[in-house]
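Q: next one to model:
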Amino acid sequence: MDIVIEILLEVYMELMFLIVPESKRRKKHYIIAVLIACITAFGFMALAFWGVVLIVEKENAMGWLPLFTAIVLSIAQIIFGIILYNKRHKK
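A: Here you go, the predicted model:
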(Lines give C-alpha, C1' and ligand atoms only; values in the text may rest on other atoms or scores of the structure.)
Protein backbone atom coordinates (compact mmCIF):
# COMPACT_ATOMS: atom_id res chain seq x y z
CA MET A 1 0.00 0.00 0.00
CA ASP A 2 2.89 2.34 0.75
CA ILE A 3 4.24 1.89 -2.75
CA VAL A 4 0.90 2.86 -4.29
CA ILE A 5 0.68 6.00 -2.15
CA GLU A 6 4.28 6.90 -2.97
CA ILE A 7 3.68 6.47 -6.71
CA LEU A 8 0.48 8.53 -6.59
CA LEU A 9 2.24 11.26 -4.63
CA GLU A 10 5.12 11.31 -7.11
CA VAL A 11 2.76 11.57 -10.10
CA TYR A 12 0.81 14.31 -8.33
CA MET A 13 3.98 16.29 -7.64
CA GLU A 14 5.14 15.92 -11.26
CA LEU A 15 1.81 17.26 -12.48
CA MET A 16 2.00 20.15 -10.03
CA PHE A 17 5.51 21.00 -11.27
CA LEU A 18 4.42 21.33 -14.91
CA ILE A 19 3.83 24.99 -14.12
CA VAL A 20 7.55 25.52 -13.40
CA PRO A 21 9.34 26.89 -16.49
CA GLU A 22 12.35 25.22 -18.00
CA SER A 23 15.82 26.40 -17.13
CA LYS A 24 15.99 28.82 -20.10
CA ARG A 25 15.17 31.56 -17.66
CA ARG A 26 17.49 32.87 -15.01
CA LYS A 27 18.33 30.54 -12.18
CA LYS A 28 16.77 32.97 -9.70
CA HIS A 29 13.38 32.80 -11.46
CA TYR A 30 13.56 29.01 -11.65
CA ILE A 31 14.27 28.71 -7.91
CA ILE A 32 11.39 31.07 -7.06
CA ALA A 33 9.01 29.08 -9.27
CA VAL A 34 10.08 25.79 -7.67
CA LEU A 35 9.63 27.25 -4.17
CA ILE A 36 6.15 28.54 -5.01
CA ALA A 37 5.18 25.19 -6.53
CA CYS A 38 6.45 23.32 -3.46
CA ILE A 39 4.69 25.61 -1.02
CA THR A 40 1.39 25.41 -2.88
CA ALA A 41 1.62 21.62 -3.32
CA PHE A 42 2.29 21.05 0.37
CA GLY A 43 -0.33 23.63 1.29
CA PHE A 44 -2.95 21.80 -0.78
CA MET A 45 -1.95 18.49 0.81
CA ALA A 46 -2.21 20.05 4.27
CA LEU A 47 -5.66 21.41 3.43
CA ALA A 48 -6.78 17.99 2.22
CA PHE A 49 -5.38 16.27 5.31
CA TRP A 50 -7.03 18.84 7.59
CA GLY A 51 -10.37 18.32 5.84
CA VAL A 52 -10.14 14.54 6.18
CA VAL A 53 -9.23 14.83 9.87
CA LEU A 54 -12.21 17.12 10.50
CA ILE A 55 -14.54 14.73 8.71
CA VAL A 56 -13.28 11.49 10.25
CA GLU A 57 -12.35 12.38 13.81
CA LYS A 58 -14.72 15.17 14.69
CA GLU A 59 -17.52 14.26 12.28
CA ASN A 60 -17.63 17.90 11.31
CA ALA A 61 -19.49 18.76 8.10
CA MET A 62 -17.23 21.81 7.66
CA GLY A 63 -14.37 19.42 6.92
CA TRP A 64 -15.60 19.21 3.35
CA LEU A 65 -14.72 22.87 2.79
CA PRO A 66 -10.90 22.57 3.11
CA LEU A 67 -10.97 19.22 1.31
CA PHE A 68 -13.00 20.62 -1.60
CA THR A 69 -10.80 23.74 -1.72
CA ALA A 70 -7.64 21.63 -1.93
CA ILE A 71 -9.10 19.48 -4.70
CA VAL A 72 -10.32 22.43 -6.77
CA LEU A 73 -7.07 24.39 -6.42
CA SER A 74 -4.93 21.33 -7.21
CA ILE A 75 -6.94 20.56 -10.32
CA ALA A 76 -6.75 24.20 -11.42
CA GLN A 77 -2.96 24.27 -10.97
CA ILE A 78 -2.53 20.97 -12.84
CA ILE A 79 -4.71 22.16 -15.74
CA PHE A 80 -2.87 25.48 -15.88
CA GLY A 81 0.45 23.62 -15.87
CA ILE A 82 -0.64 21.36 -18.72
CA ILE A 83 -1.79 24.37 -20.74
CA LEU A 84 1.52 26.17 -20.17
CA TYR A 85 3.49 23.02 -20.99
CA ASN A 86 1.59 22.58 -24.26
CA LYS A 87 2.10 26.26 -25.17
CA ARG A 88 5.85 25.99 -24.55
CA HIS A 89 6.26 22.80 -26.56
CA LYS A 90 4.05 23.69 -29.51
CA LYS A 91 5.78 23.39 -32.85
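Q: got a list of what the spatially closest residue to residue 69 that is not a sequence neighbour touches?
A: Using CB to CB, 6 or more residues apart in numbering and skipping the chain neighbours, the partner closest in space to residue 69 is residue 47 (5.9 Å). For the C-beta atoms, the positions are set from N, CA and C on the backbone; glycine is no exception. Contacts for residue 47 were tallied using CB atoms under 8 Å, 6 or more residues apart in numbering; they are 66-67, 69-70, 73.
Q: residues contacting the residue most central in space within the chain?
A: Central residue check for the chain by CA atoms, centre = their mean: the C-alpha nearest the mean position is that of residue 41, 3.7 Å away. With contact set as CB under 8 Å, 6+ apart, residue 41 has these partners: 12-13, 16-17.
Q: could you flag which of these are buried?
A: Among these, those buried by neighbour count (16 or more other CB atoms under 10 Å) are 16-17.
Q: show me what the mean pLDDT comes to for the longest helix along the chain.
A: Here the longest helix in the chain is taken by residue count, with DSSP state H as the criterion, and it is helix 27-56. Here helix 27-56 scores 83 as its mean pLDDT.
Q: in it, what counts as buried?
A: Counting neighbours by 16+ other CB under 10 Å, one finds that the buried residues in helix 27-56 are 37, 41, 44-45, 47-48, 50-51, 54-55.
Q: and it, how far out from the chain's middle?
A: Average the C-alpha atoms of helix 27-56, do the same for its chain, and the two points are 6 Å apart (CA atoms, centre = their mean, to the nearest Å).
Q: now whichever helix or strand comes after that helix: buried residues?
A: Following the chain from helix 27-56 toward its C-terminal end, the next helix or strand by DSSP states H and E is helix 64-88. Neighbour-count burial for helix 64-88, counted by 16+ other CB under 10 Å, picks out 66-67, 70, 74, 77-78, 81, 85.
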